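Participant: sharing a sequence plus its predicted fold:
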Amino acid sequence: MKLLVSLLLLAGVVFAGPIDGKWVSERKMERDGQSMTIVQTFELKEEGGKVTGKFSMKFGEMEPPPGEIKDGKLDGNKFSFSTMISTPNGDMKTMYSGTVEGSVLKGNAEREGGQARPFEAKKQ
């Protein structure tokens, strides 16, 4: 019985997608002469090449409501997905793309109508 339970647990680890799990990104930003830290948390799940999940964000003292991962894809170790948050300045869509490199997501984040910036999140 113990062997069966151990094998089932191991199978769950083996079959979990490389992007499945909780990922956290932190970066510093200057705004109006003040420094703030932006923390983003992504809870991702892949099935059949489709990535779904939830995300949350905190920047400074602001914490917009959590949102859903949209348009998510995983092909090998290459990922892409988008997020949308509502802020006092309006809705903000961000597209993420890059690669899964072990316990790190690396790539770019690009706000709609903005420039791409480097993106990195670590698996928790």
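Facilitator: That came through fine.
Participant: from here on, just use CA atoms for contacts and neighbour counts.
Facilitator: Fine.
Participant: what sits up against stretch 92-108?
Facilitator: 18-19, 77-86, 109-112, 116-123 (C-alpha atoms under 8 Å, 6 or more residues apart in numbering).
Participant: okay, how far is it across it, tip to tip?
Facilitator: 16 Å (C-alpha to C-alpha, to the nearest Å).
Participant: now do stretch 70-83
Facilitator: 6 Å.
Participant: swap in stretch 59-75?
Facilitator: With C-alpha to C-alpha, one end of stretch 59-75 sits 31 Å from the other.
Participant: hmm, who's touching that stretch?
Facilitator: Contacts of stretch 59-75 with the rest of the structure, by C-alpha under 8 Å, 6+ apart, involve 36-39, 44, 46, 49-58, 79-87.
Participant: gap between that stretch and the chain center?
Facilitator: Put simply, stretch 59-75 sits 7 Å off its chain's centre (C-alpha atoms, centre = their mean, to the nearest Å).
Participant: and for stretch 84-102?
Facilitator: 8 Å.
Participant: partner strands of the helix or strand hosting N108, parallel or antiparallel?
Facilitator: Secondary structure assignment for N108, by DSSP states H and E: strand 104-111. Sheet pairing for strand 104-111, assigned by DSSP bridges, gives strand 90-101 (antiparallel), strand 116-123 (antiparallel).
Participant: which residue ranges of the chain form strands?
Facilitator: 21-31, 34-47, 50-59, 67-68, 70-75, 78-87, 90-101, 104-111, 116-123 (DSSP state E).
Participant: need those in a markdown table with mean neighbour count, can you?
Facilitator: Output for those, formatted as a markdown table (neighbours: other C-alpha atoms under 10 Å):
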| stretch | mean neighbour count |
| --- | --- |
| strand 21-31 | 15 |
| strand 34-47 | 17 |
| strand 50-59 | 18 |
| strand 67-68 | 16 |
| strand 70-75 | 17 |
| strand 78-87 | 18 |
| strand 90-101 | 16 |
| strand 104-111 | 19 |
| strand 116-123 | 16 |
